[in-house]
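Peer 1: Pasting a predicted model and its sequence here:
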Amino acid sequence: MSTQHGDPGHGDSPAAWTAVIVMLLGIAAGTVAFFLHQAWLVWVCVGIVVVGALLGFILSKAGYGVNGPRFKPKAHDSGA
C-alpha cells in the first residue's frame with residue numbers, strides 16, 4: 001500500500017487536453033458517420049481516436065505532461 005498522498009495532477013496539461021480534444025472530435029465525427037451509414041468514415045474516425053491517444057503520449061514524453069519540464073502549472077484560486 002502506498003503512503004504517498006500528493007496531488008496526481010488530474011491530467012490538467014497541454015498533452016492531456018490535446019489528446020482529449022482530438023479524441024472527442026474523432027468520436028463525435030464517428031458518431032455522425034455511423035448515423036449516416038458511412039462505414040469507411042467510421043473507420044477513419046477510429047483512426048483519429050487512436051492518433052489522439054498517441055499524440056497525448058508523445059506530447060507527454062516530450063515534456064508537456066503533468067510532471068514534464070515544459071509544463072508550468074497555473075496557480076488555482078481557492079474560491080473562498
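Peer 2: Sure, I can see it.
Peer 1: only C-alpha atoms for contact and neighbour calcs from this point on.
Peer 2: Will do.
Peer 1: Which residue ranges of the protein form helices?
Peer 2: Assigned by DSSP state H, the chain shows helices spanning 14-35, 39-59.
Peer 1: now the ones you listed as JSON lines including distance to Arg70?
Peer 2: JSON lines is the format used below for those (distance: least, Cα to Cα, whole Å):
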{"stretch": "helix 14-35", "distance to Arg70": "10"}
{"stretch": "helix 39-59", "distance to Arg70": "10"}
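Peer 1: Pro73: which of those is closest?
Peer 2: Among these, helix 14-35 comes nearest to Pro73, with 10.1 Å by Cα to Cα.
Peer 1: Name the surrounding residues that touch stretch 23-39.
Peer 2: If you take Cα atoms under 8 Å, 6 or more residues apart in numbering as the criterion, stretch 23-39 is touched by 41-46, 48-53.
Peer 1: Return the members of those classed as buried.
Peer 2: Neighbour counting over those (16 or more other Cα atoms under 10 Å) leaves 41-42, 45-46, 48-49, 51-53 as the buried ones.
Peer 1: For stretch 24-38, buried residues please.
Peer 2: Buried positions in stretch 24-38, judged by neighbour count with 16+ other Cα under 10 Å: 26-27, 29-30, 33-34.
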